[in-house]
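A.B. asks: Task: produce atomic coordinates for the following.
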Amino acid sequence: MNDASLLPDLIRCSASRQPEACALTYGKQSMSYGELQSAVAGFAGGLIDLGLQRGERVAIYLEKRLETVVASFGTAAAGCVFVPLNPLLKAEQVAYIMRDCNVRALVSSSERLALLTPVLSSCHDLRHLITVNSQAPAPREIPLVSLRWDELLAATGHRGHRVIDTDMAAILYTSGSTGKPKGVVLSHRNMVAGAVSVAGYLENSAADTLLAALPLSFDAGFSQLTTAFQVGARVVLLNYLLPQDVLKALAREQVSGLTAVPPLYIQLAQLEWPAVISQQLRYFANTGGRMPRATLAALRARLPNSKPYLMYGLTEAFRSTFLPPDEVDRRPDSIGKAIPNAEILVLREDGSPCVANEPGELVHRGALVGLGYWNDREKTAERYRPLPAGVGGRDAGLVLTELAVFSGDTVSMDEDGFLYFIGRRDEMIKTSGYRVSPTEVEEIVYATRLVGECVAFGVDHPTLGQAIQVIASPAEGDSLDCDRLLAECRERMPAYMVPAGISLRHGPLPRNPNGKLDRKTLANEFLAAAEESAAATQLPSGSD
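C.D. replies: Numbers count the residues shown, from 1 in each chain. Okay, the predicted model is just below:
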């Protein structure tokens, strides 16, 4: 399709073929490929004029809008690294990420910068503020240069630093099973190879219009941009409040491709769809968790002309598997096979391959394997490990180490090579399409100073995938107001992280043999009590 090797090349190549074609739509605004290429080059030149060096990080804290896309690709064009921040994150979480990867420049709006003012002084490497609307005054506590978006794009237009495809392009932050979010480092090669692969099996073309409903801080969300730009398609940027907003956008913009997470699809499946959507939506794709069968059936009934793509992916390796639409009826519970240009293995703990239908760990090898976690050797060594010699396409005669992503997810592979998800080895909570660290939830709860001890875990939920449950004990000699604690959580957490329930438990919480709070035991006790309560409510009148 094109000769792209670096991320910004996706736009450059499409602009060279069809400069007048529409690349982006945001509300009533739009940009052609030629205009987008010019803006990306202008942003890159502006960063160079500011003195940013090769590989320095630029954080982008914005909702989906034209400037978000320009800043992301413009940062990469400058030879720097963009760090997209989920707009739902609170100030302290934004500050943690910016400190963790030593962000040098921040792109945001004056309204969002006002929220960050109390924490910016803790970001000691930050030197530049770029506002997309009116200029925000820089906090006095740190030496910052503040300038407007139009001022940056009016720079002299110096060319970016020289980079190659294995250099860093982006750092996407995802919650870890323990502690704070981890920064997954992706190269230009990772992102371009992913765009080529996904656009290939989704059969994207310049005639497509893709709806970007997921956050651009998600790998699957940002993929709507890369797959579209790979083929010269149009992307519609949508910040929706209600599921009905998605349906309205699908109809209004004549969208042909939709990718979303199960909780959104569950909501959409319960609504009446305008008939025009079925006539123009070529495919709908699922990511971020298993699609319930009932939801899939409801969507297919509403969209008889649309192809369903069920996908599985990892931020650490972008996208791993997809189930071809013609296999959905026969294998609705399968996550499919490896995407093009990737190999998916199922390995035992000793690194040997599993036989058919034997549970093992999903391991991803190939061009989409990321560069590890930013500045975290220990976690990188846990997840990115040398592939055993003689496994898959790794010939025993090769002596250089090849790193693969060991997902931590247990799967099985049938005799025909189709994969089936079994469970997660870690304690990550998958809610509303987000991966949430229970430890991160606990740390925020502790920060309220309203609890003595607490644990967080996920419980199955019909629409969220999992709901977050917290069990907490009061501080020594004090009482615990669960309503007040929940209100504090809403104030301090993004909406998807707020616990669905908080349970009070007096006395020290149980520990495991290592002296750590026993999250698994507490979760099992909670589920057992819930099942017992549900059974009791179903007893007929007069039963013991």
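A.B. asks: If residue 364 is in a bridge, with which residues?
C.D. replies: residue 344, residue 405 (DSSP bridges).
A.B. asks: And the pLDDT at the most centrally placed residue in the chain?
C.D. replies: Central residue of the chain (Cα atoms, centre = their mean): residue 218, 2.5 Å from the mean position. Each residue has a pLDDT score; the one for residue 218 is 91.
A.B. asks: Same check on residue 262?
C.D. replies: pLDDT, residue 262: 86.
A.B. asks: could you list every residue that touches it?
C.D. replies: Residue 262 makes contact with 286, 288-292, 295, 433, 465 under the criterion Cβ atoms under 8 Å, 6 or more residues apart in numbering. Every C-beta, even on glycine, is put in place using the N, C-alpha and C of the backbone.
A.B. asks: Same check on residue 270?
C.D. replies: Listed by Cβ under 8 Å, 6+ apart, the contact set of residue 270 reads residue 298.
A.B. asks: per-residue pLDDT, it?
C.D. replies: 84.
A.B. asks: and it, what are its phi and psi?
C.D. replies: Dihedral angles phi and psi of residue 270 (degrees, to the nearest 10) take the values phi -90, psi 0.
A.B. asks: try residue 465
C.D. replies: Backbone geometry at residue 465, expressed as degrees, to the nearest 10, gives phi 90, psi -70.
A.B. asks: Quickly list what it is bridged to.
C.D. replies: According to DSSP bridges, residue 461 are recorded as the beta-bridge partners of residue 465.
A.B. asks: just curious, which of the contacts of residue 262 is nearest to residue 274?
C.D. replies: Sorting the contacts of residue 262 by distance to residue 274 puts residue 295 at the head of the list, at 19.0 Å, by Cβ to Cβ.
A.B. asks: hang on, the closest one packs against residue 267?
C.D. replies: No - counting by Cβ atoms under 8 Å, residue 295 stays clear of residue 267, with 9.4 Å between them.
A.B. asks: the more surrounded of those two?
C.D. replies: Here residue 295 and residue 267 are compared on neighbour count by other Cβ atoms under 10 Å; more neighbours surround residue 295, at 21 against 16.
A.B. asks: where does that one fall, phi/psi-wise?
C.D. replies: Per degrees, to the nearest 10, the residue geometry at residue 295, taken as phi and psi, is phi -70, psi -40.
A.B. asks: That one: what's it in contact with?
C.D. replies: Neighbouring residues of residue 295 by Cβ under 8 Å, 6+ apart: 262, 265-266, 269.
A.B. asks: and the residues you listed, which are buried?
C.D. replies: Buried members of the contacts of residue 295, counted by 16 or more other Cβ atoms under 10 Å: 262, 265-266, 269.
A.B. asks: got TSV for those residues, with secondary structure and distance to residue 255 too?
C.D. replies: Formatted as TSV, the buried ones among the contacts of residue 295 follow (DSSP: H, G, I helix; E, B strand; the rest coil; distance: Cβ to Cβ, whole Å):
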residue	secondary structure	distance to residue 255
262	helix	19
265	helix	15
266	helix	19
269	helix	17
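A.B. asks: Return the closest of those residues with respect to residue 398.
C.D. replies: Comparing the buried ones among the contacts of residue 295 against residue 398 with Cβ to Cβ places residue 262 closest, at 39.4 Å.
A.B. asks: Just give the nearest non-adjacent residue to that closest one, would you?
C.D. replies: If the residues on either side of it in the chain are set aside, residue 262 comes closest to residue 289, at 4.8 Å by Cβ to Cβ, 6 or more residues apart in numbering.
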